[in-house]
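> Next come a sequence and a model predicted from it.
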Amino acid sequence: MGHEPIPHVDPALIRGLTEPRYSRRRFLQNAGMAVGGLSLASILAACGTKGIETASNGSGGPNAGLGTPEWWGQQQLHDELRFANWAYYIDTAHGEHPSLVQFTQDTGIEVNYSEAVNDNISFFSKIRPDLQQGNDIGYDLIVSTDNDPPISQMVKLGWGIPLDQSRMTNYYAHSSKQIRDPSFDPGNAFTMGWQSGYTCMAYNSKYIQEPITSLQSLFDPKYAGKIGMMGIASEIGSIGLLAIGKDPVTATPDDWQLAADKLAAQRPMVRSYYDASYLRALKNEDIWITMAWSGDIFYAATYQGYDTLQVVMPEEGVMFWTDYMMIPYTAKNPLDAMTYMDSVFDPQVAAQIADYVGYVCPVPEAQEIIRTELDDPVVADSPTVFPTPAIEAITHHYPSWSDPAVVTGWNETFVPIFEG
Amino acid sequence: MAGAGPASLPPTAPAPVRRARRGKKIAPYLLGMPAGLWLVIFFLVPLVTMLSLSLQTCDPLTLACTLTWRWGRFGDVFSAHTTQFARSFTYAGAATVVDLVVSFPLVYWIAFRARRKSVFLMLLLVPFFVSYVIRTILWQFLLSDNGILLGSLKAAHLLPERFHVLDTGFAVVAGLAYSYFPFAALPMYVALERIDRGVIEAAFDLYAHRPTMLRRVVLPLALPGIFAAVLLTFVPASGDYVNATLLGGTGSTMIGNVIQNEFLVFSDYPSASALSAILMGIMLVGNFV
């Protein structure tokens, strides 16, 4: 499959790299001219009752009995797949998604693709009540990033259908080892990676001429007032831990505190604690050096003319996040979802998607296809799409958020830094 | 509606009087019912739910909540966020003062001097036809370090290179003052507009100087308007989180941001509810003082 000419993809199309992925501003816009304490209170209350009603629904695992070989043997294709993903996160041309059109041609499965995920946590809040009650959430396949707790929590709550390992041939043949076997889902029992990215750092070489190689530059008094950090607990905590030489996965709460102390000492020099809005501040030259998401900077520098912006993969390490696909246990078309999940690890399909979205491609073999068949060396040679071995060597993963105590302790340690 | 109007009156004499009286009695309640229901459904029910939620304990994973009457949470969340509470009231207070000081002369002029009052009132309101969030985001561009304003001042060497306004408490207060400006201006305008011109003439007839007249006549008569302006500005400004998110930086987080984070990011509904309840409590007490 996949050897027909691939429709030309205009590189000027937004590749998702600039898309605010965790932006609270999006919430603000959606929240409809927020009216402060009182209305917030009513939202609070509305959501609170859901928790009360479902109090009996513990973590006993609503997916019990699902996803066994016998169960998968009984499933049939319904020629329909409802897929919820982030915006700008799949190849798009002329209002269509060529890789999905191809998939429908090959399998007869119609894909109802929606860009429903704006933010891991708010998307989770939206589907959570239905999952708690055992209702269909309207999607057979969802995507969530491992740097936020929801994907770990959904696995832990038993809200995913165990995958049919016998239908993961492309995955085991072609997927990158970086996305395999995540700590929250050993053996990929429930999830498979979609695309990945790095949390690293960036600077503007218009103002900073010296070579930047270390996270310590974020703590350099020379740049006081021009330093940007992220006001996202998982991100700032992980970077703080890397800066003191600890691996976020193995770090103990004592290490967290050491990292928090270092970050607290840095506070007076930090211009602001940003969400995805750090990119605007960096482009407007409000900040000179900042924590960053690799793809954002690559895209801004390559396609938007911000050619003085530099991505740095600091020597202390970089954080590697991955968006994981999961079939919710109330899905109506699990076999269609399973078929699709494995199909995206076909190198041809992976190349087509990666050439558009520009995040880290989960299939290393796609690199040569993008270079030769798709003739796009800029993407093929980008270390933010196909990481070099040197980068893979310093790659770190997020701690597993399956344990609520870890989430609570982590938040208590790191949130006061940016909320102070 | 209960059919108690004059049209449905039977022709016989004594009965209609009684029925009309009963109609008169229940009419106010009927008229108030839509608003009352609205208040009950969208204010009272959420309020009670929120208060109950603040006394519950939720499992962090399943979010199953049980009422545990943990009053201690109020103390915990308050002492953990005294800085943000204090900051919110300081910012809101500063914004209110700015609004009063800036809008009083303006609306005084419109009320007493301007020829085409409605035109000027319209001009005052026009910017507020644009969405609140969009207006605040536009401030980011105006105040950006190398933006239209600071960029040109820096180019003229009037400001040091690293001087910035965006991402400071000053920017947040400015944003708040701007956002709530009409809520301060309009009630004061209404109060000033209603002042009897004869009273002012009388003050001059009694040899009052203009400042004395303002202080002894206009200001006391405008006081209800000023009070309304303070309420309408200060209360929403202290709960605001949009300005602090978009214009604030390190150390300018307001209590609204904390509540938003507790609720949306950390899914800690009880703490968020407790913080909201404390905020409302302080406001209520403040109103009566």
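Ah, there it is.

> so B:Met153 is in which element?
Just so we're on the same page, residue B:153 is Leu rather than Met. When elements are assigned from DSSP states H and E, B:Leu153 belongs to helix B:148-155.

> so where do the helices sit in the stretch 51-200 of chain B?
Taking DSSP state H, counting those that start in this stretch as the test, the helices found in the stretch 51-200 of chain B are B:72-80, B:82-112, B:117-125, B:132-143, B:148-155, B:169-179, B:181-193, B:197-205.

> tell me what the shortest one is packed against?
In terms of contact count using 3 or more C-beta pairs under 8 Å, 6 or more residues apart in numbering or on different chains; DSSP states H and E, helix B:148-155 is assigned the packing partners helix B:132-143. The way it works is simple: take the backbone N, C-alpha and C, and place the C-beta from them, glycine included.

> quick one: buried residues of the helix it packs on?
B:Tyr132, B:Val133, B:Arg135, B:Thr136, B:Ile137, B:Trp139, B:Gln140, B:Leu143 (16 or more other C-beta atoms under 10 Å in any protein chain shown).

> Please tabulate the residues you listed in TSV, including the columns pLDDT and distance to B:Leu206.
As requested, the buried residues of helix B:132-143 are exported to TSV (pLDDT from 0 to 100; distance: C-beta to C-beta, whole Å):
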residue	pLDDT	distance to B:Leu206
B:Tyr132	88	46
B:Val133	90	51
B:Arg135	91	46
B:Thr136	92	48
B:Ile137	90	53
B:Trp139	90	47
B:Gln140	88	53
B:Leu143	89	49
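
> Near chain A, list only the ones from these.
When contact is defined as C-beta under 8 Å from any C-beta of the partner chain, these meet chain A at B:Tyr132, B:Val133, B:Ile137, B:Gln140.

> I'd say the third one and B:Thr245 touch.
No - when contacts are counted by C-beta atoms under 8 Å, B:Ile137 is not listed as touching B:Thr245 (10.3 Å).

> Most proximal residue of the stretch 301-420 of chain A with respect to chain B?
Nearest residue of the stretch 301-420 of chain A to chain B, counting by C-beta to the nearest C-beta: A:Pro404, 3.7 Å away.

> can you list the weak-confidence ranges in chain B?
For chain B, the stretches flagged by pLDDT under 70 are B:1-20.

> returning to what we had before: residues contacting the nearest residue to the residue of the stretch 301-420 of chain A closest to chain B once chain neighbours are set aside?
Using C-beta to C-beta, 6 or more residues apart in numbering or on different chains and skipping the chain neighbours, the partner closest in space to A:Pro404 is B:Pro60 (3.7 Å). Shown here is B:Pro60, whose contacts under the criterion C-beta atoms under 8 Å, 6 or more residues apart in numbering or on different chains are A:Pro404, A:Val407, A:Thr408, B:Ser267, B:Asp268.

> Could I get the phi/psi values of the last one?
Note on B:Asp268: backbone dihedrals following degrees, to the nearest 10 are phi -100, psi 80.

> Count the residues that sit near it.
Neighbours of B:Asp268 under the rule other C-beta atoms under 10 Å in any protein chain shown: 19.

> ok, now which ones touch the nearest residue to it once chain neighbours are set aside?
Nearest residue to B:Asp268, sequence neighbours excluded (C-beta to C-beta, 6+ apart): B:Glu262, at 4.8 Å. B:Glu262 makes contact with B:Asp268, B:Tyr269, B:Ser271, B:Ala272, B:Leu275 under the criterion C-beta under 8 Å, 6+ apart.

> Could you find which two of those residues are furthest from each other?
Across those, the longest distance by C-beta to C-beta is 10.8 Å; it joins B:Tyr269 and B:Leu275.

> between the two, which one's more packed in?
Neighbour comparison, B:Tyr269 and B:Leu275: the larger count goes to B:Leu275, with 30 against 23 (by other C-beta under 10 Å).

> Check which helix or strand the more buried one maps to.
Going by DSSP H and E, B:Leu275 is in helix B:269-288.

> Report the buried residues of that helix.
Those buried within helix B:269-288 under the rule 16+ other C-beta under 10 Å are B:269-280, B:282-283.

> Of those, which ones also sit close to chain A?
With the criterion set as C-beta under 8 Å from any C-beta, the members of the buried residues of helix B:269-288 near chain A are B:Tyr269, B:Ala272, B:Ser273, B:Ser276, B:Ala277, B:Leu279, B:Met280, B:Met283.

> Skipping adjacent residues, who's closest to A:Val363 in space?
Per C-beta to C-beta, 6+ apart, closest to A:Val363 is A:Ala350, 3.6 Å.

> B:Ala277 now?
B:Ser54 (5.2 Å).

> Quick check: residues of the stretch 101-250 of chain B near chain A?
B:131-133, B:137, B:140-141, B:144-147, B:162, B:164, B:166-167, B:236, B:238-242, B:245-246, B:248-250.

> okay, A:Leu13: pLDDT?
We note a pLDDT of 41 for A:Leu13 in this prediction.

> What's the per-residue pLDDT of A:Gly16 here?
We have a pLDDT of 40 for A:Gly16.

> ok, is stretch A:319-335 in contact with chain B or not?
No - Stretch A:319-335 is not in contact with chain B by C-beta under 8 Å from any C-beta; minimum separation 14.8 Å.

> So for that stretch, what gets flagged as buried?
Buried residues in stretch A:319-335, counted by 16+ other C-beta under 10 Å: A:319-331, A:333-335.

> From B:Ala92, how far off is the residue of the stretch 101-250 of chain B found nearest chain A?
Chain A sits closest to B:Gly239 of the stretch 101-250 of chain B, with a gap of 3.0 Å, by C-beta to the nearest C-beta. B:Gly239 sits 8 Å away from B:Ala92, going by C-beta to C-beta, to the nearest Å.

> Make sure I have this right: A:Asn85 is in a strand.
Yes - according to DSSP: H, G, I helix; E, B strand; the rest coil, the state of A:Asn85 is that of a strand.

> burial of it, as a residue count?
Neighbour number of A:Asn85 under other C-beta under 10 Å is 21.

> Skipping adjacent residues, who's closest to A:Ala202 in space?
Leaving aside its sequence neighbours, A:Ala202 sits nearest to A:Ala292 (C-beta to C-beta, 6+ apart; 3.7 Å).

> The one you found: what's it in contact with?
Applying C-beta under 8 Å, 6+ apart, the residues near A:Ala292 are A:Thr199, A:Cys200, A:Met201, A:Ala202, A:Tyr278, A:Leu279, A:Leu282, A:Val311.

> Now the second one, what are its backbone angles?
What it means is A:Cys200. Dihedral pair for A:Cys200: phi -140, psi -140, per degrees, to the nearest 10.

> distance of it from chain B?
A:Cys200 is 21 Å from chain B, where distance means C-beta to the nearest C-beta, to the nearest Å.

> What is the nearest of the contacts of B:Pro60 to A:Asn170?
Within the contacts of B:Pro60, the smallest distance to A:Asn170 is 33.3 Å, found for A:Val407 (C-beta to C-beta).

> Hmm, A:Pro150 and that closest one touching each other?
No - if you go by C-beta under 8 Å, A:Val407 and A:Pro150 don't touch, sitting 10.6 Å apart.

> thinking A:Gln195 is in contact with A:Asp355, fair?
No - using C-beta under 8 Å, A:Gln195 is not in contact with A:Asp355; the gap is 12.0 Å.

> In three-state terms, label the closest residue to A:Gly158 other than its chain neighbours for me.
Closest residue in space to A:Gly158, ignoring its immediate chain neighbours: A:Gly61 at 3.2 Å, by C-beta to C-beta, 6+ apart. Counting by three-state DSSP, the backbone at A:Gly61 sits in coil.
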